[in-house]
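S.K.: sharing a sequence plus its predicted fold:
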Amino acid sequence: MGVTDYFELSEHGTDVGTETIAGVTTFLAMSYIILVNPFILANAIQLPNYNFIQTVQMIAIATILSSVVAIAVMAFYANRPFGLAPGMGLNAFFAFTVVLGMGIPWQTALAAVFVEGIIFIAITAIGAREYVIRLFPEPVKFSVGAGIGVFLLFIGLQEMAIVTADEATLVALGPIAQSPAALLAIVGLVGTFMLWARGITGSIIIGIVGTTLLGWLSWFVGLASTEEVAPEALVSDGELSFAAVTSPQYDITPLVGAFLEGLRDVDPLTFALVVFTFFFVDFFDTAGTLIGVSQFGDFLDDDGNLPDMDRPLMADAVGTTVGAILGTSTVTTYVESSTGVAEGGRTGLTALVVGLLFLVSLVAIPLIALIPAYASFLALVVVGVIMLQGVLDVDWNDPAWAVSGGLTITIMPLTYSIANGLAAGIIAYPLIKTATGDLEDVRLGQWLIAVALVGYFYVYTSGMLG
C-alpha cells in the first residue's frame, strides 16, 4: 500500500506535495518548543553531577522524542494533520508552581504527569473523553476557532514586538520605529499576507524563510544590531550560548524513569491536587485545540463534532505518558497545527512530516536556531486573522450563543489560555439558557461539566496550589 492510499489523500482532496508543505509549515511554527521547553523545565529539574546546560540538553532530547511518539500515533492511528509536543503553560506550571512554588520534588511532578497520562489513556479507550467533549455546547464548539485565532494573533504580535507590556494598560503598541526586529516582522507579515491573498501555495513558509533571510542580510550589512535581528540563540544567565544545540547530550538515562522515584512517599492530597490541575488544563486545552483547528480545516460534522475524535485524543494521552517516562511535562496537541492546515494539510501525512522533522532536529537543531522568533511567529498572525472567519458560525442573535461564544472567544487571549476560554463558555451556556426560559435545552451532563469547571476555577484561583 502506497502513501497516497494509506493516508487516503485522494479522499481528502490533497496530495503528497501539499501535505509535505503543510508539515514543514507546522514544524516551523512549533519548533520553538525544542528550545523553550528545556529552559523552562531545567529551572526545576536538578540532576546530580550535571550542570544547567547539560540538563537542558537532556530535556531537549526528551522533548523531541516524546513529541515524535505522540505525532506517530496521530499520523498512523488517527490520520489527522495535528502536531504534538510538551505544552507551553503546563511546563511553566510544572516548573514554577509545582516544583519551585510548592516545593514538590521534580520526580513527583513527573509522576503526577504520568498518572494523568494513564488516566487519559483509560478514559479515551472507553470513549469517556470523547463523550464529555461531545457535551460541549454548540456555541462553544463553533466559537473556539475564532477564539484560537485571536489568541494566535495576540501571541504572534507579542513575539514580533509589535505589542508590548505596559504598566498602565497591560498591553500597548511597541516602539516599532526603534526596533529593527519589529520592522522586519511587519515587512515579512505584509509580504506573507500578499502572497496568501494571491493564493500562492506555501505562502507562510515563503514568508518565514524570506523574513529570516532579510533579517540575516540586515545583520550582515550592519543595518541592525546582533541582539535585535540575529537569531534567537539560547540564553542562560543573560549570556548567549549555542552549547546546548551544537553539542547535544544524548545520554538521557538520568531522566528516564525518574518518575518512579517520585511515586514514593507522596502526600496523597497534594499529589491528587497536582494531578487534578494537570488533568483539567490538559483536557480542555486539547479539546479546544482539536475542535478549533478542526473547524478551521472543515473537519467537523453538522453538530460541531470531530468524527472518530477518540483517535487524536489517544495521541496526546500516549505522548503525555511517554513524556513523563522520558522526563518532560504534559504533551498536548499544538494550536500551531492550524498553520499547516492553512497550507492544505488534511491527513496524517502532514503529522508524519512534522514528526520526521522533529527527529531530524536531533542533529540539525542549529539550523532551527537560525530562524528568529519574529520570522517564525508571523505564521501565527496570518493564521490568526484567517481563523476569525469562525465568528460567522455563531448565532449572535441568540443570547446563549452570544454570551457563551463571546466569552469563549475573548477569555482565551485575555487569560492566555485556551482551556480558560472554553471553560468560561461552557459555564455560561446553561446559566443563560436558564435565564431565557430554555432550561429544557440544557443536558444534565452540561450542568455537571459546568459545576466541575467552577470547582476547578476555585481551586486554581484560591491559592491552594501555592
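M.R.: All right, it came through fine. Numbering: from 1, shown residues only.
S.K.: now the helices: where do they sit in the stretch 151-300 of the chain?
M.R.: 180-197, 203-220, 226-229, 243-246, 258-262, 268-296 (DSSP state H, counting those that start in this stretch).
S.K.: got the phi and psi for residue 84?
M.R.: phi -130, psi 150 (degrees, to the nearest 10).
S.K.: that one touches residue 330, doesn't it?
M.R.: No: judged on CB atoms under 8 Å, residue 84 makes no contact with residue 330 at a distance of 10.5 Å. Bear in mind the C-beta positions are built from the backbone N, C-alpha and C, glycine included.
S.K.: which of these two has more neighbours?
M.R.: residue 84 (33 against 29; other CB atoms under 10 Å).
S.K.: okay, the more buried one: pLDDT?
M.R.: Residue 84 carries a pLDDT value of 97.
S.K.: in the stretch 201-350 of the chain, where is pLDDT below threshold?
M.R.: 222-249 (pLDDT under 70).
S.K.: 50 - rerun?
M.R.: By pLDDT under 50, the low-scoring segments of the stretch 201-350 of the chain are 225-246.
S.K.: just give me the residue right at the centre of the protein.
M.R.: Centroid-nearest residue in the chain: residue 334, 3.2 Å away (criterion: CA atoms, centre = their mean).
S.K.: tell me the strands in the protein, going along the chain?
M.R.: For the chain, applying DSSP state E gives strands covering 84-86, 163-166, 170-173, 234-236, 239-241, 331-333.
S.K.: quick check: which of the ones you listed is nearest to residue 402?
M.R.: Closest approach to residue 402 among the strands of the chain (CB to CB): strand 170-173, 25.2 Å.
S.K.: so what strands line up beside that closest one?
M.R.: Taking DSSP bridges as the criterion, strand 170-173 forms sheet pairs with strand 163-166 (antiparallel).
S.K.: the strand it pairs with - what's its average pLDDT?
M.R.: Strand 163-166 comes out at a mean pLDDT of 91.
S.K.: quick one: contacts of that strand?
M.R.: With CB atoms under 8 Å, 6 or more residues apart in numbering as the test, strand 163-166 has contacts from 154, 157-158, 171-175.
S.K.: how about 7 Å then?
M.R.: Contacts with strand 163-166, where a contact means CB atoms under 7 Å, 6 or more residues apart in numbering, come from 157, 171-174.
S.K.: circling back to that earlier point, could you identify which of the strands of the chain is most buried?
M.R.: Highest mean neighbour count among the strands of the chain (mean count of other CB atoms under 10 Å): strand 84-86, with a mean of 31.
S.K.: given that strand, what are its sheet partners and their directions?
M.R.: strand 331-333 (antiparallel).
S.K.: run the chain-centre distance for the strand it pairs with.
M.R.: 7 Å (CA atoms, centre = their mean, to the nearest Å).
S.K.: what residues does that strand touch?
M.R.: Here strand 331-333 has contacts from 66-67, 70, 82, 84-87, 90, 282, 285-286, 289-290, 312, 316, 319-320, 323, using CB under 7 Å, 6+ apart.
S.K.: same question, stretch 72-79
M.R.: 7-8, 80, 82, 84, 311-312, 314-315, 318, 347-348, 351-352, 355.
S.K.: what's the burial count for residue 294?
M.R.: 27.
S.K.: which residues touch it?
M.R.: Here residue 294 is in contact with 300, 306 (CB under 7 Å, 6+ apart).
S.K.: again with residue 192
M.R.: 203-204, 207, 378, 382.
S.K.: next, work out how far apart the residue nearest to the centre of the chain and residue 304 are.
M.R.: 21 Å (CB to CB, to the nearest Å).
S.K.: my guess is residue 183 meets residue 175, correct?
M.R.: No: in this structure, residue 183 is not within contact of residue 175 by CB atoms under 7 Å, at 10.6 Å.
S.K.: quick one, which of those two is more surrounded?
M.R.: residue 183 (20 against 10).
S.K.: so how far is residue 268 from that one?
M.R.: Taking CB to CB as the measure, residue 183 and residue 268 are separated by 55 Å.
S.K.: likewise residue 325?
M.R.: In terms of CB to CB, residue 325 sits 22 Å off from residue 268.
S.K.: more neighbours: those two, which one.
M.R.: residue 325 (22 against 7).
S.K.: distance-wise, check that one relative to residue 405.
M.R.: Counting by CB to CB, the gap from residue 325 to residue 405 is 39 Å.
S.K.: same thing with residue 131?
M.R.: 22 Å.
S.K.: one more: residue 68?
M.R.: Distance from residue 68 to residue 405, by CB to CB: 36 Å.
S.K.: so which of the two has more stuff around it?
M.R.: residue 405 (30 against 21).
S.K.: between the contacts of strand 163-166, which is nearest residue 101?
M.R.: residue 171 (25.6 Å).
S.K.: report how many residues lie close to residue 149.
M.R.: 27.
S.K.: how about residue 324?
M.R.: Neighbour number of residue 324 under other CB under 10 Å is 28.
S.K.: one more: residue 89?
M.R.: The burial count for residue 89: 18, using other CB under 10 Å.
S.K.: got the contact list for it?
M.R.: Residue 89 touches residue 417, counting by CB under 7 Å, 6+ apart.
S.K.: and the pLDDT for it?
M.R.: Residue 89 carries a pLDDT value of 70.
S.K.: now the one 5 residues further on
M.R.: The predicted local confidence for residue 94 comes out at a pLDDT of 88.
S.K.: how many neighbours does it have?
M.R.: 30.
S.K.: Provide a list of residues in contact with residue 338.
M.R.: Contacts of residue 338 by CB under 7 Å, 6+ apart are 293, 296, 383, 387.
S.K.: from residue 335, how far off is the nearest residue to the last one once chain neighbours are set aside?
M.R.: The spatially closest residue to residue 387, leaving aside those adjacent along the chain, is residue 149, at 3.0 Å (CB to CB, 6 or more residues apart in numbering). Separation of residue 149 from residue 335 (CB to CB) stands at 10 Å.
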